[in-house]
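*Asks:* Return a 3D structure for these sequence lines:
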Amino acid sequence: MNEKGGLQKEAMTRSERRKRKQRFVFVCLLFVVSACVVGAWGVAKQETSEQKVIEQFITALRQEDMNTLKQFIDAPLEEKASLLPLFAYLRKHPEGYDQIRKELAQQKDDRVYIKGLTSTPPIFLMKLSQGTYKFEPTLYHVYVQTNEQGARILINDTYVGETNASLVKVGEYVPGLYEVKMVTDEREQTKQISLFGGERIRIVRFDSN
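*Replies:* Just a heads-up that it's a prediction; the model follows:
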């Protein structure tokens, strides 16, 4: 009788251990599935949030809404004039909105462009800082090349310097459409440049004859 009872007790113990193991496995699986669901939800939520911010930024550009753009753009914007070249470019080339949107959608964790290692950055670099999305515009470095000495250089009718060397750096500019003039006492030469994608360093060449 005792032997029989001992066998039954041992069988029950094995059954309980099996049930406990099954419950443990079930809890582990439930935890893993839950973690995957929460992770996927978090990624989807972040992507939705990013897409929403991108569309708000594009809308502000279309409407030339400086108040909103000052909150979005990670660059000093004292007045509307600082973005007039960008607005001028987008009015003339509306496909530029799609180009900006496409570049922003491709960016992940600020790894699409590392400063100093490439000459073709995105038009705007999307960054997440303290829970807020910001858009950093590319700054294009503009040089004037000429053999003409002492000529005045103007960018969008603003004086920026003179040609005291064969290659003169005239400044850094946000994306947009610009008019470059070289003026002497005898004549005036004008060229238009589009700073919208491509290499950061741009050289505007003027003839000296």
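
*Asks:* make it CA atoms for all contacts and neighbour counts henceforth
*Replies:* Noted.

*Asks:* what does stretch 162-179 rub up against?
*Replies:* Under the criterion Cα atoms under 8 Å, 6 or more residues apart in numbering, residues 83-90, 123, 137-153, 155-157, 160-161, 190-197 lie in contact with stretch 162-179.

*Asks:* could you flag which of these are buried?
*Replies:* 83-87, 89-90, 123, 137-148, 151-153, 155, 161, 195-197 (16 or more other Cα atoms under 10 Å).

*Asks:* can you tell me which of these are in helices?
*Replies:* 84, 85, 86, 87, 89, 90 (DSSP state H).

*Asks:* my guess is the last one contacts residue 98, does it?
*Replies:* Right, the one you point to is residue 90. No - between residue 90 and residue 98 there is no contact under Cα atoms under 8 Å: 10.4 Å.

*Asks:* so what's residue 51 closest to, chain neighbours aside?
*Replies:* residue 105 (7.4 Å; Cα to Cα, 6 or more residues apart in numbering).

*Asks:* So for the one you found, what's the pLDDT?
*Replies:* You'll see residue 105 listed with a pLDDT of 87.

*Asks:* Can you report phi and psi for it?
*Replies:* The phi/psi pair for residue 105 (degrees, to the nearest 10) reads phi -70, psi -30.

*Asks:* What of residue 98?
*Replies:* phi -70, psi -40.

*Asks:* Tell me where the chain has helices.
*Replies:* Counting by DSSP H, the helices of the chain are 2-63, 66-72, 84-92, 95-106.

*Asks:* packing partners for the shortest one?
*Replies:* Counting by 3 or more Cα pairs under 8 Å, 6 or more residues apart in numbering; DSSP states H and E, the packing neighbours recorded for helix 66-72 are helix 2-63, strand 132-137.

*Asks:* What mean pLDDT does that helix get?
*Replies:* 90.

*Asks:* What are the buried residues along that helix?
*Replies:* Counting neighbours by 16+ other Cα under 10 Å, helix 66-72 gives 66, 69, 70, 72 as buried.

*Asks:* between those, which is nearest residue 60?
*Replies:* residue 69 (6.3 Å; Cα to Cα).

*Asks:* hang on, the earlier thing: in a markdown table, list the buried residues of helix 66-72 along with distance to residue 176.
*Replies:* Formatted as a markdown table, the buried residues of helix 66-72 follow (distance: Cα to Cα, whole Å):
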| residue | distance to residue 176 |
| --- | --- |
| 66 | 16 |
| 69 | 15 |
| 70 | 17 |
| 72 | 17 |
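
*Asks:* The nearest residue in space to residue 125 that is not next to it in sequence: neighbour count?
*Replies:* Counting by Cα to Cα, 6+ apart, the nearest residue to residue 125 once its immediate chain neighbours are dropped is residue 136, at 4.9 Å. By other Cα atoms under 10 Å, the residues close to residue 136 number 17.
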